[in-house]
Structure formats: C-alpha cells, structure tokens
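Peer 1: Predicted model and sequence below, questions to follow.
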Amino acid sequence: MDRVGRVAALRRYPVKSMLGEQCDSIELSPLGVSGDRRYAVIDDATGHVATAKHPRLWSALLQCSSATGPDGVTVRMPDGRTVPIAEAAAPLSGLLGRTVHLADERAAGALLERSDPVDVLTHGTDAEIDPVLMELAKGAPGGAFVDHSPVHLISTATLDAVGVDRAEAIRYRPNIVVETKDGALPFMENDWVGAQIQLGDVVLRGTLPTPRCAVPTLKHGRSERLPGAVRYLLEHNRVEVPGSGALPCAGLYAEVVTAGTVDLGDEVRITVDVDVVERGMKI
C-alpha cells in the first residue's frame with residue numbers, strides 16, 4: 001500500500017449543480033457522502049434533471065449555492081436571498097425562466113441533458129446545441145443525484161497541470177481533493193480504476209475516470225469562465241470510457257468499500273500493482 005498524499009479539501013453539494021459547502025469531515029456509506037446531491041432541480045416541461053451540463057438552459061444554477069444547517073438545506077440565490085429548500089422552486093423558476101420543482105430522491109432511469117463540451121467551447125454557452133440524454137447514477141445505489149458513482153475525487157497534481165487554482169477545484173465538483181506528494185504526475189487517477197483507496201479508516205474502490213463536460217469552463221459564483229479547464233484535457237487526457245469512446249477526463253469516480261468518516265489531513269493510500277503505481281508517480 002503506497003501513500004500518495006493527504007486529504008486537502010472536502011466538499012458536498014446538497015443540491016445538484018449548485019455551489020456546495022466545504023467540510024472538515026464527511027460521512028461515507030455505500031450510498032455515498034451523507035447529504036451530497038440530496039436534491040435536484042427538475043424541469044417541469046421534460047421531467048429531466050436540470051444541470052449545468054446543458055449550459056444554455058441551466059448555467060445559472062452555478063450562481064446559486066446550497067448548504068445544510070440545523071433546519072435542513074437552504075438555497076442562496078444570486079441576489080443574496082436565502083430560502084429553505086421547500087420554498088426554492090418559485091425563485092428558481094424565475095431565475096431560470098422555466099418552471100421547475102425540487103426532488104429529494106432520484107427516480108429510476110432519471111435523465112439529464114449534456115451538451116458536447118467541444119461544441120460549447122466553439123459556439124458559446126448560449127448556442128443552440130442539441131444535448132445528449134444521459135441516465136444518472138449508473139454506478140451508484142440509493143437515490144442521490146450523482147452523475148455516476150457515489151464519490152468523486154481529484155488530485156492536486158491534476159489541478160496543477162491544468163492550471164486550475166486549488167481554491168477553484170470546485171470547477172470539477174469533487175467530494176475529495178487529494179494533495180499529492182512531490183513527484184506525482186498529473187492524471188494519476190486514471191490508474192486508480194480498480195484500486196483500493198484508503199482515506200483514514202474509509203476504503204474506496206476506483207470505478208471510472210471522470211469524463212468532463214462543459215461545467216468546469218463555466219462561471220462559478222464570482223469566478224469567470226475558464227475554457228482551459230476542459231481544453232487542456234481534450235489535448236492531454238482523453239481516456240477510453242466504456243461505451244462512450246475517448247473522452248476528456250480529470251479525476252476519478254469511486255464506490256465505497258468500507259464506510260466511515262474522512263477528515264481533512266487524513267493520509268491517502270493506494271493499493272495497486274507496482275507497475276501501475278510507477279506509471280502514475282515518480283518513485
């Protein structure tokens with residue numbers, strides 16, 4: 001088992017496609033991070049889950065934030081208003097220009113719309129681009145509105161290579177940011193598929209390199225657009241994703257093998273074959 005770094009940041013996102021909250025610790029179970037992607041905005045017209053993966057319709061969600069408090073989840077609107085989740089549908093409908101409601105459990109076969117990131121980079125966020133329908137959470141049990149697997153992590157080696165400030169790791173919407181050791185190569189997460197990842201007492205298993213849509217390039221709160229957040233991946237880290245072809249990837253999806261609590265500063269250890277480790281790190 002090789003130590004690759006430590007936990008540098010922890011995040012959860014109570015409402016899908018909104019800004020989330022930093023945490024000192026997170027609880028993980030086979031269903032994922034407690035409180036993460038617990039709610040989603042649903043388009044009344046189509047029944048699809050609203051996400052900024054289709055930026056022409058839903059990029060304004062990234063100007064909202066969600067947080068978990070003693071009285072439940074609240075949504076902070078771009079104008080500074082904070083509303084309980086039960087009262088958020090009306091102001092969100094006004095912001096988005098479409099009638100929406102909030103759901104607290106993912107329906108079987110739930111779909112979202114994803115615009116091709118190359119088309120968004122080429123034609124802009126407001127262009128009329130036909131999105132592709134995707135089914136959520138193919139690698140996750142339970143009812144959370146995760147894209148694929150229950151947990152998502154990314155390394156600082158990858159962020160540094162792309163040129164994304166670590167404070168803006170939120171562009172890739174990870175639950176866990178791993179600060180890697182000196183000498184770590186970018187995109188080492190590609191080699192963690194199938195590996196066991198131990199963080200404190202928690203054990204994850206890598207399931208899939210994380211394919212990237214247009215979301216990292218979009219405005220997040222006060223942060224401006226950053227086309228390089230995906231363009232660099234298109235040039236340097238296209239990965240064959242089963243059933244989808246070669247896609248720009250950054251980070252790793254994972255499933256929970258051993259449940260428990262992950263804290264800031266926990267050591268991160270990886271169990272993989274030696275030759276795989278050597279491809280991902282200078283040792």
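Peer 2: That came through fine.
Peer 1: Show the contacting residues for the closest residue to Arg238 other than its chain neighbours.
Peer 2: If the residues on either side of it in the chain are set aside, Arg238 comes closest to Ala246, at 4.2 Å by CB to CB, 6 or more residues apart in numbering. The C-beta positions use only the backbone N, C-alpha and C, and glycine is treated the same way. Listed by CB atoms under 8 Å, 6 or more residues apart in numbering, the contact partners of Ala246 are Arg238, Val239, Glu240.
Peer 1: And Arg76, by the same measure?
Peer 2: Residues counted as contacts of Arg76 (CB under 8 Å, 6+ apart) are Cys64, Ser65, Ser66, Ala67, Thr82.
Peer 1: just Val230 next, same as before
Peer 2: Pro117, Leu121, Arg212, Cys213, Ala214, Pro216, Thr217, Pro248 are the contacts of Val230 under CB under 8 Å, 6+ apart.
Peer 1: Could you rerun that using 6 Å?
Peer 2: Residues counted as contacts of Val230 (CB atoms under 6 Å, 6 or more residues apart in numbering) are Pro117, Arg212, Pro216, Thr217, Pro248.
Peer 1: So which of those residues belong to strands?
Peer 2: Among those, DSSP state E puts Pro248 in strands.
Peer 1: For stretch 236-254, measure first residue to last.
Peer 2: 22 Å (CA to CA, to the nearest Å).
Peer 1: buried ones in it?
Peer 2: Within stretch 236-254, the residues that count as buried by 16 or more other CB atoms under 10 Å are Asn237, Val239, Leu247, Pro248, Cys249, Ala250, Gly251, Leu252, Tyr253, Ala254.
Peer 1: Just the ones of the residues you listed in strands?
Peer 2: Val239, Leu247, Pro248, Cys249, Ala250, Gly251, Leu252, Tyr253, Ala254.
Peer 1: Pick the one among those residues closest to Val202.
Peer 2: Taking CB to CB as the measure, Val202 lies nearest Ala254 of these, at 10.2 Å.
Peer 1: what pLDDT does that closest one get?
Peer 2: pLDDT for Ala254: 98.
Peer 1: and it, bridged to which residues?
Peer 2: Note on Ala254: beta-bridge partners by DSSP bridges are Val151, Gly206.
Peer 1: Ile176 too?
Peer 2: Leu10, Leu153.
Peer 1: if we can go back for a sec, which one of the contacts of Arg76 sits in the busiest neighbourhood?
Peer 2: Ser66 (25 neighbours; other CB atoms under 10 Å).
Peer 1: wait, what's in contact with that one?
Peer 2: Pro14, Val15, Met18, Val73, Val75 are the contacts of Ser66 under CB under 6 Å, 6+ apart.
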